[in-house]
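A.B. asks: okay, predicted coordinates and the sequence, questions at the end:
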Amino acid sequence: MKSRAVKLLVIWNVVLSTLVLILLGLYTSAAQAANDPPVQMYQAPQAEPAGGKGTTSTTPVDVQARDKWTLVQKLSVDFTGKLNHECVVIASTNASNAPGNSEDNKYEFILTLDDPSPIADTATARTIDFDNGRTVIDHNDMEVTASVLYHMTDEPHTFYWFAKKISENAATPAKMTAVNNTLSALCVKQLLH
């Protein structure tokens with residue numbers, strides 16, 4: 001009989017201990033909730049998504065005009081009715097020197113925003129020089145890339161990627177061919193801080 005009473009006593013202690021622990025847990029969570037500040041809900045503004053646009057071409061563009069820009073690629077975007085944006089624009093070209101070109105085959109590339117006739121150099125200007133002289137034989141192709149961050153207002157815009165010959169020697173066949181041209185823009189509503 002003693003063993004049966006001991007068993008019942010042990011079961012009773014386990015049940016009471018479990019109930020005490022459950023009640024203690026409930027009480028502390030209720031006390032914690034009572035001390036928390038009230039939760040306020042905020043409606044997040046609907047964010048305008050970021051966007052990207054690009055254009056590519058494998059059609060060769062011959063650049064032979066001296067001191068006159070030749071259009072290599074252009075890309076138009078329209079932010080009418082939208083907020084101002086920041087756009088990273090990247091232009092790239094594979095420039096090839098024409099066979100038979102002699103010395104001083106220097107060319108310039110420039111990336112512009114809304115300027116179809118750039119006059120002054122900007123930070124996006126890139127210069128390449130194919131110097132096929134009597135002592136130096138350069139490679140006949142070079143990769144040219146420019147990138148820039150533009151602030152865009154809420155209206156239509158056009159990015160231009162130009163090239164021109166700037167060398168002194170204009171002997172034929174003084175030209176460079178731009179192939180595999182790309183022009184891409186990735187636009188977001190605001191910059192990181």
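C.D. replies: Alright, I've got the coordinates. Here the structure is a predicted model, which means the values were calculated and not measured.
A.B. asks: quick check: buried residues in stretch 65-78?
C.D. replies: Using 16 or more other CB atoms under 10 Å as the test for burial, stretch 65-78 gives 69-70, 72-73, 75, 77. Every residue, glycine included, has its C-beta placed from N, CA and C.
A.B. asks: need the max-distance pair from those.
C.D. replies: Largest separation among these by CB to CB: T70 and V77, giving 22.4 Å.
A.B. asks: closest to D141 out of the buried residues of stretch 65-78?
C.D. replies: V72 (15.0 Å).
A.B. asks: gap between the helix or strand hosting the closest one and the chain center?
C.D. replies: Taking DSSP states H and E as the definition, V72 sits inside strand 70-78. Averaged C-alpha coordinates place strand 70-78 at 17 Å from its chain's average position (CA atoms, centre = their mean, to the nearest Å).
A.B. asks: just the CA coordinates of that strand, formatted as PDB?
C.D. replies: Listed next in PDB are the C-alpha coordinates belonging to strand 70-78 (Å, rounded to 0.1, in the frame of the first residue of the first chain):
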ATOM      1  CA  THR A  70      29.400  60.000 -85.800                       C
ATOM      2  CA  LEU A  71      26.400  58.500 -84.000                       C
ATOM      3  CA  VAL A  72      27.300  55.000 -82.800                       C
ATOM      4  CA  GLN A  73      24.200  54.200 -80.700                       C
ATOM      5  CA  LYS A  74      21.300  56.100 -79.000                       C
ATOM      6  CA  LEU A  75      18.700  55.100 -76.400                       C
ATOM      7  CA  SER A  76      15.600  57.000 -75.400                       C
ATOM      8  CA  VAL A  77      13.700  56.800 -72.100                       C
ATOM      9  CA  ASP A  78      10.600  58.600 -71.000                       C
END
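A.B. asks: average pLDDT across the following helix or strand past that strand?
C.D. replies: Taking DSSP H and E as the definition, the helix or strand that follows strand 70-78 towards the C-terminus is strand 85-97. Across strand 85-97, pLDDT averages out at 92.
A.B. asks: dump strand 85-97 to PDB, keeping only the CA atoms.
C.D. replies: Extracted C-alpha coordinates of strand 85-97, given in PDB (Å, rounded to 0.1, in the frame of the first residue of the first chain):
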ATOM      1  CA  HIS A  85      15.300  59.200 -61.300                       C
ATOM      2  CA  GLU A  86      19.000  58.500 -61.200                       C
ATOM      3  CA  CYS A  87      20.300  56.400 -64.100                       C
ATOM      4  CA  VAL A  88      23.600  54.600 -64.500                       C
ATOM      5  CA  VAL A  89      24.300  54.500 -68.200                       C
ATOM      6  CA  ILE A  90      26.900  52.200 -69.800                       C
ATOM      7  CA  ALA A  91      28.100  52.400 -73.400                       C
ATOM      8  CA  SER A  92      30.500  50.000 -75.000                       C
ATOM      9  CA  THR A  93      32.000  49.400 -78.400                       C
ATOM     10  CA  ASN A  94      34.600  47.200 -80.100                       C
ATOM     11  CA  ALA A  95      36.700  49.600 -82.200                       C
ATOM     12  CA  SER A  96      38.600  48.200 -85.200                       C
ATOM     13  CA  ASN A  97      41.300  49.900 -87.100                       C
END
